[in-house]
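1. okay, structure incoming, though there's no sequence with it:
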């Protein structure tokens, strides 16, 4: 995959656990344009092992002299976010992919309701820049634990004016999804980015209230789930490899030097889909892309987030 | 027609049935579509708020009997579509839609719903009364309504058209293509196949 080389121009501590990074092109030219809700994948070489983490672009979509991402430090993660927090400094050089958008606003919508939980605010920062520029009707609901976690609050107040509502857990002002989704005019689309439980709750609430699926959009970036070690055979390239318990199948394939396709690395887009030739155990599907029937059939797998509990898995690659 | 022949654009219609998860229901029917609403309401009258827009005379008394808050009855489809348009602007997400009537009517309603992003699969549709087709002449762009025959003489350009199964949701009409373009005057026998 073609990548861009960028230099870290600035690092800002936003809250105790969130840092904001300004990335500029190494060659001083402009970066590729992007639309609101886009993300990039940052490659990090941590002790010889390549980690690839997806981060939403937060900046204005009209300014491409720099990219802006924010990273929440995840204590129980595999080290990518900790590396970003502790090792990446102004002047550091990073490899990033071209922007990809799997969380764009629907321009046919009559209204847009944006719901963010914690660090899930990041894709909305660039979406709001699009919504403001196009003059679309929207409201933003930003839920966070307590005031020390209120990343970008002032900036949002400035960008959104009276269109933003803050819901602070510690002050008891929780966001009631049922109330929110019960009084939206026909033609409204809802977008959510936040913790898994919140995203699931919104999907369920919307379904219960009769919202059609295509009016509900969500995005989540989480580290691929860990599991047992297993062996993989790539039938077409005739390569055998081992997937350690703390590495994803895709990462192991990349580690073996195979240029496998990917886009979101979160089990959402389907780009990395591989055909299963044989599995002597059970596939563990963790993606949101395959249907339940396809998961049951077991002849496809999304290596970015899914793995297997088996001794050997053969893939057509 | 060859057995097994099927064209993807030809819509499927079903018998109306209630959708469970909802904030409210809106029933829109015309003519014989009134019977489809009666059948639906005889299954059950749901607890959620219910709105009924009906253009026609037959069935109005029965329908009124089901719904204490009453139904809106219109003398013409056009008046009803006008009222629908104004009600949709105040409708909430989560409303379920049910449409019953002839084919041209169903797709006029779908057209209004599409403005709000409501998709075909999210609407209950029942074809009632007649299966007469609206036919769109690909040569002169005229749409003729209530076509019952497989071969139709275009009312504007006077070409004999073969009425295909190829359906346009936007126009609510089937494609009509000149039947004797290759051998002028060679026009197959007309049959009434859309009663």
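-> That came through, no problem. These numbers come from a predicted model, not from an experiment.

2. and the nearest residue to residue B:22 once chain neighbours are set aside, what does it touch?
-> Excluding its sequence neighbours, the residue lying closest to residue B:22 (C-beta to C-beta, 6 or more residues apart in numbering or on different chains) is residue A:210, at 3.7 Å. In short, each C-beta sits where N, CA and C put it, glycine included. Residue A:210 sits next to B:19, B:21-23, B:93-96 when contact means C-beta atoms under 8 Å, 6 or more residues apart in numbering or on different chains.

3. residue A:87: how many residues sit nearby?
-> Applying other C-beta atoms under 10 Å in any protein chain shown, we find 11 residues neighbouring residue A:87.

4. to clarify, my last question referred to residue A:302.
-> 30.

5. got a pLDDT number for residue 173?
-> Assuming you mean chain A. On pLDDT, residue A:173 comes in at 86.

6. my bad, chain B
-> Note for residue B:173: predicted pLDDT of 96.

7. what pairs with it across the strands?
-> In this entry, residue B:173 is beta-bridged to residue B:168, by DSSP bridges.

8. tell me if I'm right that it and residue B:134 touch.
-> Yes - assessed by C-beta atoms under 8 Å, residue B:173 is found in contact with residue B:134 at 3.9 Å.

9. and the nearest residue to residue B:32 once chain neighbours are set aside, how far from chain A?
-> Using C-beta to C-beta, 6+ apart and skipping residues adjacent in sequence, the residue nearest residue B:32 is residue B:129, 3.3 Å away. Residue B:129 sits 28 Å away from chain A, going by C-beta to the nearest C-beta, to the nearest Å.

10. now for residue B:129: which residues touch it?
-> Contacts of residue B:129 (C-beta under 8 Å, 6+ apart): B:31-33, B:101-102.

11. so is it in a helix, a strand, or just coil?
-> Counting by DSSP: H, G, I helix; E, B strand; the rest coil, the backbone at residue B:129 sits in coil.

12. mind listing which of the contacts of residue B:129 are in strands?
-> The strands, defined by DSSP state E, take in residue B:101 from the contacts of residue B:129.

13. quick one: the contacts of residue B:129 as JSON lines, columns for neighbour count and pLDDT too.
-> What follows is those, written out as JSON lines (neighbours: other C-beta atoms under 10 Å in any protein chain shown; pLDDT from 0 to 100):
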{"residue": "B:31", "neighbour count": "20", "pLDDT": "95"}
{"residue": "B:32", "neighbour count": "18", "pLDDT": "95"}
{"residue": "B:33", "neighbour count": "28", "pLDDT": "96"}
{"residue": "B:101", "neighbour count": "28", "pLDDT": "96"}
{"residue": "B:102", "neighbour count": "24", "pLDDT": "93"}
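
14. okay, and the common contacts of residue B:173 and residue B:134?
-> Residues within reach of residue B:173 and of residue B:134 at once, by C-beta under 8 Å, 6+ apart, are B:104, B:143.

15. give me the number of residues near residue A:224?
-> 22.

16. how about it, what does it touch?
-> Residues in contact with residue A:224 (C-beta under 8 Å, 6+ apart) are A:248, A:250-251, A:265, A:286, A:304-305, A:307.

17. strands of the stretch 101-250 of chain A, start to end?
-> A:111-117, A:138-144, A:164-168, A:188-193, A:216-219, A:230-234, A:239-243 (DSSP state E, counting those that start in this stretch).

18. now the spatially closest residue to residue B:6 that is not a sequence neighbour, what's its secondary structure?
-> Excluding its sequence neighbours, the residue lying closest to residue B:6 (C-beta to C-beta, 6+ apart) is residue B:165, at 7.9 Å. Three-state call for residue B:165 (three-state DSSP): strand.

19. how close does residue B:165 get to residue B:34?
-> Separation of residue B:165 from residue B:34 (C-beta to C-beta, to the nearest Å) stands at 28 Å.

20. the more surrounded of those two?
-> residue B:34 (26 against 14).

21. which residues does that one contact?
-> Residue B:34 is in contact with B:54, B:56, B:58-60, B:62-63, B:100, counting by C-beta under 8 Å, 6+ apart.

22. ok, 6 Å please
-> B:56, B:58-59 (C-beta atoms under 6 Å, 6 or more residues apart in numbering or on different chains).

23. can you list the residues of chain B near chain A?
-> Within chain B, the residues that sit near chain A (C-beta under 6 Å from any C-beta of the partner chain) are B:21-23, B:91, B:93-94, B:96, B:116-117, B:122.

24. please check those residues and keep the buried ones.
-> Buried members of those, scored by 16 or more other C-beta atoms under 10 Å in any protein chain shown, are B:22-23, B:91, B:93-94, B:96, B:116-117, B:122.

25. any regions of the chain where pLDDT drops low?
-> Because you didn't say which chain, this covers chain A. Counting by pLDDT under 70, chain A shows low-confidence ranges at A:1.

26. um, chain B though
-> Residues of chain B meeting the criterion pLDDT under 70: B:1.

27. residue B:144 belongs to a strand, doesn't it?
-> Yes - counting by three-state DSSP, residue B:144 is found in a strand.

28. does the residue nearest to residue B:6 touch residue B:9 like I think?
-> No - the pair residue B:165 / residue B:9 is not scored as a contact, 7.6 Å apart, by C-beta atoms under 6 Å.

29. how far away is residue A:199 from residue A:211?
-> Applying C-beta to C-beta, the value for residue A:199 to residue A:211 is 14 Å.

30. so for those two, which sits in the more crowded spot?
-> Neighbour count, other C-beta under 10 Å: between residue A:199 and residue A:211, residue A:211 has more, with 24 against 20.

31. OK, contacts around that one?
-> Neighbour list for residue A:211: B:93-94 [criterion: C-beta under 6 Å, 6+ apart].

32. ok, the one 10 residues further on next?
-> Under the criterion of C-beta under 6 Å, 6+ apart, the contact list for residue A:221 reads A:54, A:266.

33. each with direction, which strands does the biggest strand by length in chain A pair with?
-> In chain A, with assignment by DSSP E, the single longest strand is strand A:3-13. In the sheet containing strand A:3-13, its partner strands are strand A:18-25 (antiparallel), strand A:93-97 (antiparallel), by DSSP bridges.

34. list phi and psi for the residue in the stretch 201-317 of chain A that chain B sits nearest to.
-> Nearest residue of the stretch 201-317 of chain A to chain B: residue A:210, at 3.7 Å (C-beta to the nearest C-beta). Note on residue A:210: its backbone torsions stand at phi 90, psi 20 [degrees, to the nearest 10].

35. so is stretch A:175-187 next to chain B?
-> Yes - counting by C-beta under 6 Å from any C-beta, chain B has neighbours in stretch A:175-187: A:184, A:186-187.

36. how close does the residue of the stretch 201-317 of chain A closest to chain B get to residue B:18?
-> To residue B:18, residue A:210 is 11 Å away according to C-beta to C-beta.

37. residue ranges for the helices of the stretch 201-317 of chain A, please.
-> A:249-255, A:292-297 (DSSP state H, counting those that start in this stretch).

38. give me whichever of those is most buried.
-> Looking across the helices of the stretch 201-317 of chain A with neighbours counted as mean count of other C-beta atoms under 10 Å in any protein chain shown, the highest average goes to helix A:249-255: a mean of 22.

39. what's the offset of that helix from the middle of its chain?
-> With C-alpha atoms, centre = their mean, to the nearest Å as the basis, helix A:249-255 stands 19 Å off its chain's centre.

40. and if you look at stretch B:114-126?
-> The gap between where stretch B:114-126 is centred and where its chain is centred comes out at 12 Å by C-alpha atoms, centre = their mean.
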